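Peer 1: Here is the input, now give the coordinates:
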Amino acid sequence: MNTILFLNLGGGEIIIVLLVILLFFGSKKIPELARGLGRGMREFKDATSGVQREIEESMKEVKKPAKPAPKKVDDKSVSQ
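Peer 2: Model prediction:
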């Protein structure tokens with residue numbers, strides 16, 4: 001059996017889990033926990049998008065061809 005345990009939960013089991021969470025934390029604490037979880041998920045998403053953006057920018061810099069240095073012109077060769 002290579003299935004994840006949580007994928008086999010039915011509606012009744014989910015309700016029981018939610019009731020147990022309600023008993024442990026109480027009705028006043030659950031919104032605070034949900035807010036904290038939401039903030040954590042948002043920070044994680046922002047961090048992953050920031051890393052992805054940095055990788056994309058560095059790949060763009062690598063793909064750009066290097067510009068050749070301008071040739072130095074001697075004053076003597078120009079006047080002749």
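Peer 1: what comes up buried for the lengthiest helix in the chain?
Peer 2: Assignment by DSSP state H gives helix 29-63 as the longest helix of the chain. Using 16 or more other CB atoms under 10 Å as the test for burial, helix 29-63 gives no buried residues. Quick note: C-beta positions are derived from backbone N, CA and C, even for glycine.
Peer 1: Report all helices and strands that it contacts.
Peer 2: Secondary-structure packing of helix 29-63 (3 or more CB pairs under 8 Å, 6 or more residues apart in numbering; DSSP states H and E): helix 11-25.
Peer 1: How about residues contacting the helix it packs on?
Peer 2: Here helix 11-25 makes contact (CB atoms under 8 Å, 6 or more residues apart in numbering) with 9, 30, 33.
Peer 1: So which of these is the closest to V62?
Peer 2: Nearest to V62 out of the contacts of helix 11-25 is L33 (CB to CB; 43.7 Å).
Peer 1: Not including adjacent chain positions, what is the nearest residue to that closest one?
Peer 2: With sequence-adjacent residues excluded and distances taken as CB to CB, 6 or more residues apart in numbering, L33 is closest to F25, at 6.4 Å.
Peer 1: Run a quick neighbour tally on that neighbour.
Peer 2: F25: 12 surrounding residues under other CB atoms under 10 Å.
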